[in-house]
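*Asks:* Have a look at this prediction, sequence included:
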Amino acid sequence: MEAIVWLANYGGMADAPLLHERLRDESALVREYAERGLWALWSRSGEAAIDALMARGVEQMQAGQHKAAIASFSEIVKRKPDFAEGWNKRATVYFLAGDYQRSIADCDQVLAATRATSARSRGSGRSTSSSSATRRRSPGSEKRSR
């Protein structure tokens, strides 16, 4: 458990496969910590200003302030277009607001940003892509898929 918490707090995207493995752990508590750890990794951009904007956007989204949240996440994707979670959060808010076309368009951007990140990782000798074994998910994980 301590390793999962450490990865969530200090790890990078290259560490995500280690957390993916824990999504299939026998312990429900370990699976829960691994899920939270992955969300923590995905939500960190590496830039304090972007991360603060992300936190604000999440608060706005949770409060049902869709226009404000869309504005916050739009600023994130403008400043850091390769940050997949910025696109993902904006896609979520568009969906919640009933703007399905924009939500789908942003989902396409999530996939593009994720592919670009994976390609850069492979180029540096580290791969964030999943093997067929790590693609299997824990029960209920379909709601967490990106």
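*Replies:* All right, it came through fine. These numbers come from a predicted model, not from an experiment.
*Asks:* Output the below-cut-off pLDDT ranges for this protein.
*Replies:* Scanning the chain for pLDDT under 70 picks out 116-146.
*Asks:* Tell me which residue is most central in it.
*Replies:* Centroid-nearest residue in the chain, with CA atoms, centre = their mean: residue 42, separated by 3.4 Å.
*Asks:* shouldn't that residue be in contact with residue 84?
*Replies:* Yes: proximity of residue 42 to residue 84 meets the contact threshold set by CB atoms under 8 Å, at 7.4 Å. Quick note: C-beta positions are derived from backbone N, CA and C, even for glycine.
*Asks:* Please name the residues that touch residue 72.
*Replies:* By CB atoms under 8 Å, 6 or more residues apart in numbering, residue 72 lies in contact with 53-54, 56-57, 60.
*Asks:* and the residue lying farthest from the centre of the chain, what is it in contact with?
*Replies:* Most distant from the centre of the chain: residue 26, at 23.7 Å, with distances by CA atoms, centre = their mean. Not one residue lies near residue 26 by CB under 8 Å, 6+ apart.
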